[in-house]
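In: structure, please.
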Amino acid sequence: MKLVIVESPTKAKTIQKFLGKSYSVQSSFGHVRDLPVSKLGVDVDHDFAPSYVVPTKAKKTVSELKALAKKADTIYFATDEDREGEAISWHLANILKVEPKDVERVAFHEITEHAIKEAFSHPRHLDENLVDAQQARRILDRLVGYKLSPLLWRKITKGLSAGRVQSVAVRLIVDREREITAFKPDEYWTIEAQLSGDAVNFGAKLWSINDKKLEKLDIKTKEDADKILGDLKGAEFKVADIEEKDVKRSPGAPYRTSTLQQDANRKLNMSAKASMMFAQRLYEIGFITYMRTDSENLSEKFIGEADEFIKKEYGSEYATGGRTYATKNKGAQEAHEAVRATDPTRTPDSVKNELEPDQLRLYDLIWRRSVGSQMADAVLESTRIDIEAINQEINKSKNQNNNYIFRATGSVVKFPGFLALTKEEPAEGLLPKVKVGEKLNADSVEGKQHFTEPPPRFSDASLVKIMEENGIGRPSTYAPTIATIVDRNYVERIEGRRLKPTELAFLVNDLLVEHFPEIVDFAFTAKKEAEFDEIAEGKIGWVPVIREFWEPFAANLAKKEIEIKREDIIQETTTEVCDKCSKPMSVKFGRFGKFLACTGYPECKNTKPMGGEKQIEIPEESKKCPTCGADTVIKRGRFGPFIACSKYPECKTIINIEKKVGVKCPKCGEGDLVERKSKRGKPFYSCNKYPKCEFALWSKPTGEKCPKCQSLLVHAKKGVIGCSSKECDYTLETPENSSV
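Out: Model prediction:
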């Protein structure tokens with residue numbers, strides 16, 4: 001019997017189909033050995049020797065694998081083809097007492113019959129350099145986490161954590177939030193005309209004045225705009241110039257981990273964690289190649305198969321004979337292919353009954369990108385029309401010669417190329433046919449007020465992009481890093497997508513920046529990642545890398561333990577008194593931010609939100625616990641305030657606090673619309689009589705009714721109010737975005 005060990009039961013099941021009955025494919029269910037949870041597990045005095053243990057949850061699996069190993073003629077280690085997979089195989093070999101020289105290591109990039117059989121015909125030895133690189137990362141992260149986190153507990157509050165990559169990610173988000181807070185908007189105006197002629201109608205914007213191109217902030221005030229509008233009143237508009245040219249547009253490179261996470265977030269509204277979870281499943285059942293990669297390379301086999309598929313489905317003019325892509329990321333270290341479909345002929349439509357909805361959505365994205373990358377360029381006909389506007393009477397009366405040029409741009413697809421598959425549309429629409437010298441009517445010429453906007457908060461997509469650009473982490477760490485900082489209450493999701501730092505994030509980040517600057521330094525973090533790469537390539541040893549970090553870090557840690565005073569971090573004083581026992585209230589800091597607590601604790605356990613926060617009143621019907629009859633109290637958790645039984649932990653009853661929006665349910669007329677959050681954190685608005693009434697909206701209602709159909713009006717998007725009915729097209733711009 002030949003024993004094959006992989007990490008996942010799904011992966012084991014798929015591979016078993018290809019290998020047949022002479023092989024027994026078993027799952028290790030992930031890691032079988034790790035550093036202990038209860039102690040550091042690293043001997044800093046003896047070359048940072050790790051003390052590995054078998055976690056309780058893995059003991060049964062390890063016993064079963066040992067029993068099978070005794071009966072096996074050959075043991076194959078077929079874990080993932082990356083550093084972590086190599087380390088898992090190394091730990092398994094140690095546990096099963098297989099000598100390194102006897103290890104049969106099987107690595108593959110996709111789980112297809114051809115790839116599996118090819119990999120098993122060419123097994124290799126364990127790559128000790130990859131194991132060392134992974135071990136170095138694990139030990140360094142353990143030293144940071146287990147030494148720095150306890151200091152945060154003592155100096156701020158219990159339950160906090162610091163991490164080599166997570167703390168840098170938090171700093172990025174905190175720094176961005178401070179940019180937003182400090183931002184001062186600048187006013188600017190645009191001049192826009194709606195023009196018409198013989199069977200034509202289109203819009204154009206003022207482009208230049210007296211041959212000088214207008215920059216974004218050139219028209220600063222309403223007075224500036226009104227002066228221009230005065231000059232244009234009664235002006236003659238005619239076509240001054242037309243430029244038409246063909247523009248080629250090339251398909252995007254196939255996905256690597258970071259670009260997949262970015263597109264899944266932007267196009268499918270998936271978090272980085274969710275996209276990796278679904279991609280993992282698609283990989284294990286053989287639909288896509290390995291999803292943790294820095295590479296944009298494609299195998300010759302896939303390029304050839306994709307070329308044949310494109311010729312058959314779209315025609316030879318859509319094929320290229322094969323495109324290759326070079327990885328641009330200088331920190332790339334995974335010797336893999338890009339993330340692609342394993343079989344280009346396995347279209348999303350043909351497999352829709354084999355996949356769950358979210359898996360299918362992600363597969364559709366990956367399939368279109370990988371096959372589309374091999375298709376011909378799209379050819380777009382780009383058109384630019386310049387319209388001259390001259391008011392001869394005003395120029396003559398003011399003895400001036402002002403010349404205003406308005407510009408309209410558009411494009412139309414001449415040959416779709418890869419767009420035939422990806423279904424993307426050009427950003428600009430088609431312009432009508434006009435002739436040079438043709439006169440046009442100005443149906444309207446308006447000045448529109450705008451304000452510059454601060455940089456947006458990070459989404460998963462933009463955070464992954466900047467982390468990759470700065471060399472912070474690697475493909476396998478982006479998703480878990482974001483998930484960690486959200487789970488630990490350093491960051492909260494706003495509107496389901498944007499990442500906003502909590503008060504806790506500011507406090508911890510500022511402490512680390514002041515006292516442990518190297519931990520949150522972008523260049524330092526990138527340098528360590530580069531050193532891990534060098535360890536993986538066998539250029540340097542892992543112990544010197546850890547020692548270089550540890551010695552100054554340990555010295556600084558001992559120094560800061562004495563220097564940092566808890567009272568210096570939370571300095572606010574308060575004149576508040578307890579409304580239950582009249583003793584003074586003091587500022588405390590918990591996992592979910594600052595609050596006021598009675599100094600009479602533990603006799604008096606009264607707490608209150610900080611000044612400026614609205615005091616929440618418990619509704620009359622919720623003042624008594626429905627389970628045990630005791631009084632209820634307001635508690636605060638990571639998702640905000642809630643009502644809880646005062647007898648906790650004996651009674652664990654909790655009651656949610658409804659966030660009413662001040663609008664009655666239009667369906668039942670009895671309930672109130674309240675704000676809730678979906679499983680993905682996206683807000684929606686539904687009747688509080690659910691499940692009796694199932695009325696719900698994704699957009700916040702205004703409380704007004706549509707003048708066309710009497711449905712509720714909602715905030716459709718920034719600056720626009722729309723009708724909640726899908727059948728109604730009523731929209732209304734809010735005053736701050738309306739034309740002047």
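In: how about the strands in the stretch 151-300 of the chain?
Out: Under the criterion DSSP state E, counting those that start in this stretch, strands of the stretch 151-300 of the chain are mapped to 187-197, 200-209, 212-213, 236-249.
In: nearest to residue 545, out of those strands?
Out: Residue 545 lies closest to strand 236-249 among the strands of the stretch 151-300 of the chain, at 44.5 Å (C-beta to C-beta). C-beta: built from backbone N, CA, C; applies to glycine.
In: tell me the buried residues in that closest one?
Out: For strand 236-249, the neighbour count (16 or more other C-beta atoms under 10 Å) marks 237-240 as buried.
In: redo those residues as JSON lines? Include distance to residue 366 and pLDDT.
Out: JSON lines is the format used below for these (distance: C-beta to C-beta, whole Å; pLDDT from 0 to 100):
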{"residue": "237", "distance to residue 366": "49", "pLDDT": "95"}
{"residue": "238", "distance to residue 366": "50", "pLDDT": "94"}
{"residue": "239", "distance to residue 366": "46", "pLDDT": "95"}
{"residue": "240", "distance to residue 366": "47", "pLDDT": "95"}
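In: who's the residue nearest to residue 64 when sequence neighbours are not counted bridged to?
Out: Spatial nearest neighbour of residue 64, excluding adjacent residues (C-beta to C-beta, 6 or more residues apart in numbering): residue 26 at 7.6 Å. Following DSSP bridges, residue 26 is listed with bridge partners residue 5.
In: circling back to that earlier point, out of the strands of the stretch 151-300 of the chain, which comes closest to residue 281?
Out: Residue 281 lies closest to strand 236-249 among these, at 32.8 Å (C-beta to C-beta).
In: that closest one - contacts with which helices or strands?
Out: Packed against strand 236-249 by the contact rule (3 or more C-beta pairs under 8 Å, 6 or more residues apart in numbering; DSSP states H and E) you find strand 378-390, strand 404-415, strand 439-451.
In: go with 7 Å
Out: strand 378-390, strand 439-451 (3 or more C-beta pairs under 7 Å, 6 or more residues apart in numbering; DSSP states H and E).
In: how close does the residue nearest to residue 64 sit to residue 700?
Out: 52 Å (C-beta to C-beta, to the nearest Å).
In: kindly report the same for residue 533.
Out: As defined by C-beta to C-beta, residue 533 lies at a distance of 47 Å from residue 700.
In: quick one: pLDDT of residue 291?
Out: What the model reports for residue 291 is a pLDDT of 93.
In: let me know how buried the closest residue to residue 169 other than its chain neighbours is, in neighbour terms.
Out: Excluding its sequence neighbours, the residue lying closest to residue 169 (C-beta to C-beta, 6+ apart) is residue 481, at 5.2 Å. Residue 481: 25 surrounding residues under other C-beta atoms under 10 Å.
In: what's the answer for residue 626, then?
Out: 11.
In: can you name the residues that contact it?
Out: Contact partners of residue 626, counting by C-beta atoms under 7 Å, 6 or more residues apart in numbering, are residue 653.
In: from residue 689, how far off is it?
Out: Noted for residue 626: a distance of 18 Å to residue 689, by C-beta to C-beta.
In: can you check residue 128 too?
Out: From residue 128 across to residue 689, the span is 64 Å (C-beta to C-beta).
In: if you count surrounding residues, which of the two has more?
Out: Legend: neighbour count by other C-beta under 10 Å for residue 128 and residue 689, higher for residue 689 (16 against 13).
In: element containing the closest residue to residue 96 other than its chain neighbours, please.
Out: Excluding its sequence neighbours, the residue lying closest to residue 96 (C-beta to C-beta, 6+ apart) is residue 69, at 4.6 Å. Per DSSP states H and E, residue 69 falls inside helix 56-71.
In: who are the packing partners of that helix?
Out: Short answer (3+ C-beta pairs under 7 Å, 6+ apart): helix 56-71 packs on strand 2-6, strand 23-27.
In: need the contact partners of the last one.
Out: Applying C-beta under 7 Å, 6+ apart, the set of residues contacting strand 23-27 from outside is 1-9, 12, 15-16, 19, 65, 68.
In: mind redoing it with 6 Å?
Out: Contact with strand 23-27 is made by 1-6, 8-9, 12, 15-16, as judged by C-beta atoms under 6 Å, 6 or more residues apart in numbering.
In: mind listing the helices for the stretch 1-150 of the chain?
Out: Here the stretch 1-150 of the chain has its helices, by DSSP state H, counting those that start in this stretch, at 9-19, 56-71, 83-95, 113-120, 128-155.
In: thanks again, I'm all set now.
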